[in-house]
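Participant: this one's structure only:
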């Protein structure tokens with residue numbers, strides 16, 4: 001049974017705080033039950049199993065060949081190759097479907113300078129190195145490469161992700177612009193595995209001074225950019241490899257400095273840090289709410305088998321729910337004045353209370369962070385301490401949902 005939606009139910013908690021950086025921590029935390037307050041906020045999030053009712057869904061028109069060809073030429077796709085003609089009819093009609101792939105969107109909004117990541121859910125034994133794509137109305141199509149995201153971090157996950165990185169050079173295009181994009185993922189033999197069509201809406205970055213609070217809308221974090229280069233995104237695991245030196249004497253594994261050289265053993269390991277979901281909701285009267293789901297896998301030397309060469313791990317799910325206050329400014333900017341989330345009580349070994357430690361929140365607050373509406377669907381956060389770091393949020397009316 002596939003367990004992608006379980007991340008929304010995961011409430012195994014760990015401690016940690018970071019308002020200006022996105023790095024994992026190694027602190028333990030107890031398992032807690034969901035409170036009534038958490039359930040109320042979760043209930044206010046639109047059910048992702050319902051049909052999406054986004055009033056700003058891209059409405060596409062048939063393009064003339066000249067415009068469609070120009071868009072195709074301007075697509076920024078990994079390893080893009082332009083091919084003449086139309087997609088073969090037997091492929092377009094779905095006669096060679098090998099697997100029912102799932103896509104994380106059926107509508108792609110875009111602004112100049114952004115790379116949108118389309119996540120494709122597939123079985124772990126299915127390789128998806130490339131895809132064919134065509135702007136409807138164009139005289140040619142393209143072949144591009146997926147970014148293979150690999151097996152997801154939780155041991156029980158059965159599926160893996162492939163990532164389609166989408167970009168478009170818009171300087172010589174008249175915006176706003178809407179079109180349909182046909183996508184045909186291919187396996188390692190070049191055989192088309194499945195087909196889909198995505199509505200694409202290219203927006204002008206003229207701000208969004210018509211912003212109005214709407215509790216049916218989520219502003220979901222979709223990417224972190226560092227020095228204008230992609231750094232992090234939801235469900236994108238940061239994996240760090242390393243090795244640890246331990247001891248194996250008389251078949252007994254241990255982690256100790258008192259080990260003979262002949263008994264020392266090195267074990268390789270991987271740590272994983274993934275922010276699975278983070279979003280904001282802006283309510284009337286200057287109030288906001290949000291949630292965060294995070295997963296970490298860190299080395300556990302105490303449970304590492306140095307005799308067998310197998311690393312031990314501490315795997316944790318972090319959940320945080322928070323609220324705060326914001327101000328919408330006349331210049332189309334937004335200030336988040338305060339955020340307060342859940343905390344965990346930390347105790348000394350003798351049981352004495354030490355402190356309440358806040359759980360992670362990566363949404364920045366004033367004056368360290370400033371927010372600017374770039375378009376009706378995109379909000380950008382910049383940090384005053386590091387102007388090269390940007391977090392991008394996208395307007396949605398549901399959280400993660402998979403489409404055929």
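Facilitator: Structure's in. What do you need? Because the structure is predicted, anything quoted here is derived from the model rather than measured.

Participant: residue contacts, the closest residue to residue 264 other than its chain neighbours?
Facilitator: Computed as Cβ to Cβ, 6 or more residues apart in numbering, the closest residue to residue 264 that is not its neighbour in sequence is residue 245, at 5.8 Å. Glycine gets a C-beta too; all of them are placed from N, C-alpha and C. Contact analysis of residue 245 by Cβ atoms under 8 Å, 6 or more residues apart in numbering lists 264-266.

Participant: Turn these into a markdown table, columns for pLDDT, secondary structure and distance to residue 251.
Facilitator: Output for the contacts of residue 245, formatted as a markdown table (pLDDT from 0 to 100; DSSP: H, G, I helix; E, B strand; the rest coil; distance: Cβ to Cβ, whole Å):
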| residue | pLDDT | secondary structure | distance to residue 251 |
| --- | --- | --- | --- |
| 264 | 94 | strand | 15 |
| 265 | 94 | strand | 12 |
| 266 | 95 | strand | 18 |
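
Participant: What strands flank the helix or strand the residue nearest to residue 264 falls within, and is each parallel or antiparallel?
Facilitator: Secondary structure from DSSP states H and E places residue 245 in strand 238-249. Strands that pair with strand 238-249, judged by DSSP bridges, come out as strand 252-254 (antiparallel), strand 264-282 (antiparallel).

Participant: okay, the residue of the chain positioned farthest from its centre: pLDDT?
Facilitator: Most distant from the centre of the chain: residue 250, at 46.2 Å, with distances by Cα atoms, centre = their mean. Note for residue 250: predicted pLDDT of 91.

Participant: where do the helices sit along this structure?
Facilitator: Taking DSSP state H as the test, the helices found in the chain are 36-43, 65-74, 89-92.

Participant: Rounded mean pLDDT for the first one, please.
Facilitator: Which is helix 36-43. 39.

Participant: next one: the second one
Facilitator: Averaged across helix 65-74, the pLDDT comes to 94.

Participant: Mind giving me the packing neighbours of that helix?
Facilitator: Judged by 3 or more Cβ pairs under 8 Å, 6 or more residues apart in numbering; DSSP states H and E, helix 65-74 is in contact with strand 130-135, strand 140-145, strand 177-186.

Participant: what angle sits between it and strand 177-186?
Facilitator: 60 degrees (axes from the mean of the first three to the mean of the last three Cα atoms, to 10 degrees).

Participant: In helix 65-74, which residues are buried?
Facilitator: By 16 or more other Cβ atoms under 10 Å, the buried positions in helix 65-74 come out as 67-72.

Participant: Adding distance to residue 184, write these out as CSV.
Facilitator: What follows is these, written out as CSV (distance: Cβ to Cβ, whole Å):
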residue, distance to residue 184
67, 22
68, 17
69, 19
70, 22
71, 17
72, 15
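
Participant: With respect to residue 361, which of the residues you listed is nearest?
Facilitator: residue 71 (38.9 Å; Cβ to Cβ).

Participant: could you list every residue that touches that closest one?
Facilitator: Applying Cβ under 8 Å, 6+ apart, the residues near residue 71 are 63, 135, 138, 168, 173, 177, 179.

Participant: distance of the third one from residue 198?
Facilitator: For residue 138, the distance to residue 198 under the criterion Cβ to Cβ, to the nearest Å works out to 15 Å.

Participant: Those two - which one has more neighbours?
Facilitator: residue 138 (25 against 21; other Cβ atoms under 10 Å).

Participant: pretty sure that one is touching residue 69, no?
Facilitator: Yes. With contact defined as Cβ atoms under 8 Å, residue 138 counts as touching residue 69 (5.3 Å).

Participant: pLDDT below threshold where in this structure?
Facilitator: 1-61, 89-96, 149-159, 207-208, 399-400 (pLDDT under 70).

Participant: just to revisit the earlier point, narrow the contacts of residue 71 to those that are buried.
Facilitator: Using 16+ other Cβ under 10 Å, the buried ones in the contacts of residue 71 are 63, 135, 138, 168, 177, 179.

Participant: For residue 221, state which of those residues is nearest.
Facilitator: residue 168 (21.6 Å).

Participant: Show me what the closest one is bridged to.
Facilitator: Applying DSSP bridges, one finds that residue 168 bridges with residue 75.
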